[in-house]
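# below are the sequence and a predicted model for it; my questions follow.
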Amino acid sequence: MSRLEHIAQQRLEKLENIRRKGINPYPHSYHRSHTTQEAVALFEHQERSSQAVPNPELSLAGRITASRLMGKITFLDIRDGSGRIQLYFSHDLLGSEKYEFLHNLDTGDIIGARGKLFRTKTGEITLEVTDFTLLSKSLQPLPEKWHGLVDIEKRYRQRYLDLISNEEVKPTFALRSQIITALRHFLNEQGFIEVETPVLQPLAGGALARRFKTHHQALDQDLYLRIALELYLKRLIIGGFDKVYEIGRVFRNEGISTKHNPEFTMLESYQAYADYNDVMKLVEDLVSHIAKEVVGKTDIKFGDEIINLAPPWQHLSLREAIKEHCNIDFEDYPEADSLRTRMEQLGIEVDPNKDRGRLVDELISTFVEPKLIQPTFLMDYPVEMSPLAKRKQDNEHLVERFEAFIGGMEIANAFTELNDPLEQEKRFEEQKEMQATKLAMAKSGAEEPEIDVVDEDFLLALEYGMPPTGGLGIGIDRLVMLLADKQSIREVIIFPQLKTK
């Protein structure tokens, strides 16, 4: 029997001993009068008060994180969702039977305790316990030395242990909640309406990505988990909503990395009578507002960098940025083959199956993105990369699209939305032609291609007329990474995707 198995066996024996005493080790409820931090704040307020205030009896509850048995005196530390407090148990005050019951308790057990607060000789605010109740017996030992859970995969796979063991983890997810709350408040104040659109879709469109496929039994129909929120939200703009947004999960059957998880949280917003310049202003104001709301300032630390989120942000032409960082002018290479050849001449390893848009995207991610530490709008993308965006008036080969980069990673993506139904249909047809080529490559042994789809219902909706519209997508997980100073997306997704053991 291993040491951990031996400890678990001892705990089972204690559980049976508790049951033999006629005590329920998992009672239905417990009345807690205060959290630990509310109790501490109350006691400190009483100490500061100039008037004599009776010291009330409180009831607290939490998980035992440390124990110090010293004969007829015992100290336990308990932790709840707000913090930690010390409990003091005395044989003289509790009596022999109740005091001896402490021997059935272990680190990790959850207890409730009643009593009055006092300060010890060392100055620590402590509850002098007059009665206590076991609320949940822990049958597994916590990681060694309480802060002992350092195995990265175990932290993510058993997040509950990570939250119990590592005090710095829970504030990250509290911060995430605050960020989403601040985001909602900002958009609501700007007149946006929050809506919800389908997660299961007959055609998952709005982005180029691999889909997750499922089957609905009653309908006898294949459905897909959405890869974007875009096409349904634009239907609402067509229907007469001027400003809409959704915060929701999207799903992409692609790789996993420090910046990618197969399911992630997106904000998408759409604003009638606006273009990508209006959306740039919205993004600057939104991100700087959130930073001030949740961290109290717009200068933040991310890794080794200090980043200033205050407007105005830098604006860069995509064409000029790529020319600067890898000496390629993509407009000189209008076909995928010529661009691929130029990239190979510079020693860049190129996937022969990638189209021109994806080759340009590779140039961005390899040479430009890592350099964009301070907030930057990268503007005006090739039309092949953005089939849902409107062309620039002075260059038909480019569209009015920007991506926002901070800390060397993409945070946001936005378009002046294409609202010409005939042009949109033409773009979709061009995608279908590329799809046919990809399928031919797949049959010849190449990697299975992404499934590009034509959403006929969206085209029909567009024929009823959509006003000029600015659309925006922000990756919530990456925004949290930025404001929480975390380098991996798994640190900010509470249950990240992992391979099943």
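Ah, there it is. Numbers count the residues shown, from 1 in each chain.
# who's in contact with the helix or strand hosting Lys301?
Assigned by DSSP states H and E, Lys301 falls within strand 299-302. Outside of strand 299-302, the residues that reach it under the criterion C-beta atoms under 8 Å, 6 or more residues apart in numbering are 291, 306-310, 406-407, 482-483, 485. In short, each C-beta sits where N, CA and C put it, glycine included.
# which pair in those residues spans the largest distance?
Checking the contacts of strand 299-302 against each other with C-beta to C-beta, the farthest-apart pair comes out as Ala310 and Asp485, at 17.8 Å.
# okay, now the unreliable bits of the protein?
1, 52, 144-150, 435-453 (pLDDT under 70).
# related to what we said a few turns ago, adjacent strands (with direction) for the strand holding Lys301?
Counting by DSSP bridges, the strands paired with strand 299-302 are strand 305-308 (antiparallel).
# what about the strand it pairs with, distance to the chain center?
Taking the mean of its C-alpha atoms, strand 305-308 sits 21 Å from the chain's own mean (C-alpha atoms, centre = their mean, to the nearest Å).
# hey, C-alpha coordinates of that strand in PDB?
Written as PDB, here are the backbone C-alpha positions of strand 305-308 (Å, rounded to 0.1, in the frame of the first residue of the first chain):
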ATOM      1  CA  GLU A 305       6.600  44.600 -20.600                       C
ATOM      2  CA  ILE A 306       4.700  47.600 -19.300                       C
ATOM      3  CA  ILE A 307       1.800  48.300 -21.700                       C
ATOM      4  CA  ASN A 308      -0.200  51.500 -22.000                       C
END
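# name the residues of it that are buried.
For strand 305-308, a neighbour-count test (16 or more other C-beta atoms under 10 Å) marks Ile307 as buried.
# contacts for that strand next, please.
Applying C-beta under 8 Å, 6+ apart, the external contacts of strand 305-308 come out as 298-301, 373-375, 406-407, 482.
# can you pull the contacts of Gly407?
Gly407 touches 302-303, 305, 307, 373, 481-482, counting by C-beta under 8 Å, 6+ apart.
# I should have written Ile476 there, sorry.
Ile476 sits in contact with 176, 179-180, 183, 247, 264-267, where contact means C-beta under 8 Å, 6+ apart.
# hmm, which two among those residues are most spread apart?
Spanning the widest gap among the contacts of Ile476 are Leu183 and Phe264, at 15.2 Å by C-beta to C-beta.
# and this structure, what are its domains?
Under automatic domain parsing, the residue ranges defining each domain of the chain are 3-142, 169-313+374-491.
# in JSON lines, list those along with distance to Ile364.
As requested, the domains of the chain are exported to JSON lines (distance: least, C-beta to C-beta, whole Å):
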{"stretch": "domain 3-142", "distance to Ile364": "42"}
{"stretch": "domain 169-313+374-491", "distance to Ile364": "7"}
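# ranking those by burial, who's on top?
Each of the domains of the chain was scored by mean neighbour count; the highest is domain 169-313+374-491, a mean of 18, by mean count of other C-beta atoms under 10 Å.
# can you give me the end-to-end span of it?
As for domain 169-313+374-491, its first-to-last residue distance stands at 8 Å under the measure C-alpha to C-alpha, to the nearest Å.
# before we move on, what about stretch 95-112?
The distance separating the two terminal residues of stretch 95-112, taken as C-alpha to C-alpha, comes to 18 Å.
# quick one: Tyr232 and Glu196 touch, right?
No - the pair Tyr232 / Glu196 is not scored as a contact, 9.4 Å apart, by C-beta atoms under 8 Å.
# and the residue lying closest to Leu318 once chain neighbours are set aside, what does it touch?
In space, Leu318 comes closest to Leu378 once its chain neighbours are excluded; the distance is 5.2 Å by C-beta to C-beta, 6 or more residues apart in numbering. For Leu378, the contacting residues are 316-318, 321, 364, 368, 372, 402-405, taking C-beta under 8 Å, 6+ apart as the criterion.
# nearest to Met434 among these?
Checking the contacts of Leu378 against Met434 by C-beta to C-beta gives Ile364 as the nearest, at 19.6 Å.
# list the contacts of the closest one.
Ile364 neighbours (C-beta under 8 Å, 6+ apart): 318, 321-322, 378, 403.
# which parts of the stretch 301-450 of the chain are helices?
Assignment of helices within the stretch 301-450 of the chain using DSSP state H, counting those that start in this stretch yields the ranges 318-326, 336-345, 356-363, 421-443.
# contacts for the third one?
Right, helix 356-363. The set of residues external to helix 356-363 that reach it, using C-beta under 8 Å, 6+ apart, is 318, 322, 326, 328, 330, 333-336, 339-340, 343, 348, 350-351, 354, 381-382, 384-385.
# rewinding a little: for the contacts of Ile476, could you give me a markdown table that also reports distance to Pro25 and secondary structure?
Rendered in a markdown table, the data for the contacts of Ile476 read as follows (distance: C-beta to C-beta, whole Å; DSSP: H, G, I helix; E, B strand; the rest coil):
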| residue | distance to Pro25 | secondary structure |
| --- | --- | --- |
| Arg176 | 34 | helix |
| Ile179 | 39 | helix |
| Ile180 | 37 | helix |
| Leu183 | 43 | helix |
| Ile247 | 41 | strand |
| Phe264 | 40 | strand |
| Thr265 | 38 | strand |
| Met266 | 44 | strand |
| Leu267 | 45 | strand |
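# out of the residues you listed, which one sits closest to Arg427?
Arg427 has its nearest neighbour among the contacts of Ile476 in Met266, at 22.1 Å by C-beta to C-beta.
# from Arg490, how far off is the closest one?
From Met266 across to Arg490, the span is 18 Å (C-beta to C-beta, to the nearest Å).
# Leu15 touches Pro25, doesn't it?
Yes - using C-beta under 8 Å, Leu15 is in contact with Pro25, at 5.9 Å.
# turn the contacts of strand 305-308 into a markdown table, including distance to Leu4.
Formatted as a markdown table, the contacts of strand 305-308 follow (distance: C-beta to C-beta, whole Å):
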| residue | distance to Leu4 |
| --- | --- |
| Thr298 | 48 |
| Asp299 | 46 |
| Ile300 | 41 |
| Lys301 | 39 |
| Ile373 | 45 |
| Gln374 | 49 |
| Pro375 | 48 |
| Ile406 | 44 |
| Gly407 | 40 |
| Leu482 | 39 |
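# and the two most separated of the contacts of Gly407?
By the measure C-beta to C-beta, Ile373 and Met481 form the most distant pair in the contacts of Gly407, at 13.9 Å.
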